[in-house]
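Asker: here's a sequence, model it:
(one chain, ligands or ions: 1)
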Amino acid sequence: MGDDPVAIIRAKLMRVRLLSIPCVLSWSLVSACGQPDDPATAPDTSSTQTEVDTDTDTDTSSGSDSSDEASSDESDTTAGEPKARKSLVVALDGVRPDAMATANTPTLDALADGSWAPGYGGAHTGKARTLTDADTVSGPNHWSIMTGAIGAQHGVSSNDEVPLGDAEAFPHYLSLLESAAPSLGTAYLFTWGLDLAIPCTADYVKHGTDPTNTERVVALLNGSFEDDAGSANSAWTRGAPVDAIFLFLDDTDGTGHRFGFSPEVPEYLAAIEAADAQLGSILDAVKARPSFDQEAWQVVVTTDHGGEGTDHGGNCEACEAIFFLVSSPEVAGPLPDYDPDTQSGPRNFDAAPTALTHMGIDLPEYITGSSWHLGG
Ligand SMILES: [Zn+2]
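Answerer: Model (predicted):
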């Protein structure tokens with residue numbers, strides 16, 4: 001992808017400009033989702049609307065009218081205590097599904113069949129799809145992964161246009177979560193500098209490297225993390241509750257550009273395996289949380305595009321064919337493959353609606369992506 005310094009500076013300036021625009025949401029998420037808990041009195045527990053309802057009866061109580069919540073009854077067999085919904089979305093930049101299948105990826109494999117944690121299910125397809133109304137480059141696909149909107153909506157069709165996307169009409173899904181329930185602890189971490197130009201009102205925003213951001217996520221999860229100033233004047237206080245994390249790892253793409261995007265390229269496979277190990281350390285931290293048994297995590301993993309030779313772009317099959325994976329206690333069925341004839345099936349921009357659904361948020365109408373919550 002290349003990190004053009006001029007473009008990055010331009011992006012940062014644009015971000016400052018965009019952040020100065022008040023975020024006016026035309027839909028009433030807050031009223032749809034009820035009042036958030038006071039974070040001071042509800043440490044590490046999501047607000048009411050983000051809890052998995054474990055009642056065995058159909059829930060008709062106020063504020064629980066979504067089919068998602070009604071369907072989540074099966075997720076927990078320990079009746080009584082509702083579990084706090086938690087979301088982790090990890091995007092791996094430029095990972096071809098055939099290379100992922102060739103590489104040794106125990107973490108991704110365990111997510112795909114749900115065996116990474118007791119009581120979890122998993123679903124995976126190696127035949128998902130990128131955006132098809134923009135180049136198979138990072139910029140437009142990153143925008144879509146984070147918003148659930150397609151290129152024609154957010155207006156980003158190239159990397160150069162990343163700072164120009166319409167974040168007011170198509171906000172980052174973590175911004176939607178923050179609007180719905182400000183008490184939620186949210187974090188947005190990425191390696192590719194231009195991702196800083198995608199406005200996000202998450203509590204913590206960090207432009208780092210793959211290894212350092214992995215360490216940050218682990219520390220966020222185990223409560224040891226502290227950072228007075230993220231990259232966007234955001235801060236994280238030690239021990240603060242964490243509810244939703246978005247992490248974009250990038251080294252796989254850089255390796256593909258250097259050595260080739262192919263299951264035949266050992267360096268590329270090694271980069272995928274390194275990302276898998278980083279994801280493994282994060283899941284270990286999830287499972288080690290003292291409150292893990294009282295939590296219902298949804299983990300979504302996808303990629304922005306594939307690649308061919310040492311590049312990607314356009315609509316080559318190896319660039320558009322990607323994977324999509326979801327795991328949670330509620331995942332009960334398989335993921336379909338993407339069908340190019342009907343243009344249905346998993347796309348990378350389904351990540352945002354899938355996470356929002358798990359968190360109990362009614363999807364805004366503009367979201368083109370589908371939710372693969374698979375909760376029945
Ligand atoms: Zn990319």
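Asker: just after whichever strand or helix holds residue 178, pick out the following helix or strand.
Answerer: Per DSSP states H and E: residue 178 is located in helix 173-180. Where DSSP H and E defines the elements, the next helix or strand beyond helix 173-180 is strand 186-190.
Asker: and that following strand, what does it pack onto?
Answerer: Applying 3 or more Cβ pairs under 8 Å, 6 or more residues apart in numbering; DSSP states H and E, we find strand 186-190 packed against helix 173-180, strand 204-207, helix 210-222, strand 244-249. No exception for glycine: its C-beta is placed from N, CA and C like everyone else's.
Asker: enumerate the residues of the stretch 201-350 of the chain near the ion.
Answerer: Counting by Cβ under 5 Å from the ion, the residues of the stretch 201-350 of the chain close to the ion are 253, 304.
Asker: again, 8 Å this time
Answerer: 250, 253, 303-305, 312 (Cβ under 8 Å from the ion).
Asker: quick one: neighbours of the closest residue to residue 235 other than its chain neighbours, just the number.
Answerer: Using Cβ to Cβ, 6 or more residues apart in numbering and skipping the chain neighbours, the partner closest in space to residue 235 is residue 228 (5.4 Å). By other Cβ atoms under 10 Å, 8 other residues sit near residue 228.
Asker: isn't residue 228 right up against residue 234?
Answerer: No: contact between residue 228 and residue 234 fails when scored by Cβ atoms under 8 Å: they sit 9.8 Å apart.
Asker: any idea what residue 86 is bridged to?
Answerer: Beta-bridge pairing for residue 86 (DSSP bridges): residue 297.
Asker: ok, it to the ion distance?
Answerer: 26 Å (Cβ to the ion, to the nearest Å).
Asker: so where's the stretch 251-376 of the chain shaky on pLDDT?
Answerer: Residue ranges of the stretch 251-376 of the chain with pLDDT under 70: 376.
Asker: follow-up on the earlier one: taking the residues of the stretch 201-350 of the chain next to the ion one by one, which sit in strands?
Answerer: residue 303 (DSSP state E).
Asker: neighbour count added to the residues of the stretch 201-350 of the chain next to the ion, as a markdown table?
Answerer: Compiled in a markdown table, these are given as follows (neighbours: other Cβ atoms under 10 Å):
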| residue | neighbour count |
| --- | --- |
| 250 | 25 |
| 253 | 25 |
| 303 | 29 |
| 304 | 30 |
| 305 | 30 |
| 312 | 27 |
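Asker: relative to residue 288, which of the residues of the stretch 201-350 of the chain next to the ion is nearest.
Answerer: residue 250 (25.9 Å; Cβ to Cβ).
Asker: thought residue 91 was touching the closest one, still the case?
Answerer: No: Residue 250 is not in contact with residue 91 according to Cβ under 8 Å; the separation is 9.2 Å.
Asker: what pLDDT does the model give residue 23?
Answerer: pLDDT, residue 23: 27.
Asker: can you tell me how far whatever residue of the stretch 251-376 of the chain ends up closest to the ion sits from residue 251?
Answerer: The stretch 251-376 of the chain approaches the ion most closely through residue 304 (4.2 Å), counting by Cβ to the ion. As judged by Cβ to Cβ, to the nearest Å, residue 304 and residue 251 stand 14 Å apart.
Asker: again, but for residue 264
Answerer: 19 Å.
Asker: name the residue in the two with the higher neighbour count.
Answerer: residue 251 (20 against 10).
Asker: hmm, residue 275 and that one touching each other?
Answerer: Yes: the pair residue 251 / residue 275 is scored as a contact, 6.8 Å apart, by Cβ under 8 Å.
Asker: give me the nearest residue to residue 119, chain neighbours excluded.
Answerer: Nearest to residue 119 is residue 329, by Cβ to Cβ, 6+ apart, at 5.3 Å.
Asker: around the one you found, how many other residues sit close by?
Answerer: 23.
Asker: can you map out the strands along this structure?
Answerer: Under DSSP E, the chain gives strands at 51-52, 83-92, 121-129, 186-190, 204-207, 244-249, 295-303, 321-328.
Asker: now tabulate the ones you listed in JSON lines and tack on distance to residue 164.
Answerer: Below are the strands of the chain laid out as JSON lines (distance: least, Cβ to Cβ, whole Å):
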{"stretch": "strand 51-52", "distance to residue 164": "38"}
{"stretch": "strand 83-92", "distance to residue 164": "21"}
{"stretch": "strand 121-129", "distance to residue 164": "24"}
{"stretch": "strand 186-190", "distance to residue 164": "18"}
{"stretch": "strand 204-207", "distance to residue 164": "19"}
{"stretch": "strand 244-249", "distance to residue 164": "19"}
{"stretch": "strand 295-303", "distance to residue 164": "23"}
{"stretch": "strand 321-328", "distance to residue 164": "25"}
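Asker: how many neighbours does the nearest residue to residue 305 once chain neighbours are set aside have?
Answerer: Spatial nearest neighbour of residue 305, excluding adjacent residues (Cβ to Cβ, 6+ apart): residue 136 at 4.1 Å. Residue 136 is flanked by 26 other residues according to other Cβ under 10 Å.
Asker: tell me if I'm right that residue 136 and residue 312 touch.
Answerer: Yes: under the criterion of Cβ under 8 Å, residue 136 makes contact with residue 312 at 5.2 Å.
Asker: shared neighbours, the two?
Answerer: 305-306, 319 (Cβ atoms under 8 Å, 6 or more residues apart in numbering).
Asker: looking at those residues, which are in helices?
Answerer: residue 319 (DSSP state H).
Asker: so who does residue 150 touch?
Answerer: With Cβ under 8 Å, 6+ apart, residue 150 has these contacts: 131, 133-134, 144, 349, 368.
Asker: which residue does the protein bring closest to the ion?
Answerer: Counting by Cβ to the ion, the chain gets nearest to the ion through residue 138 (3.2 Å).
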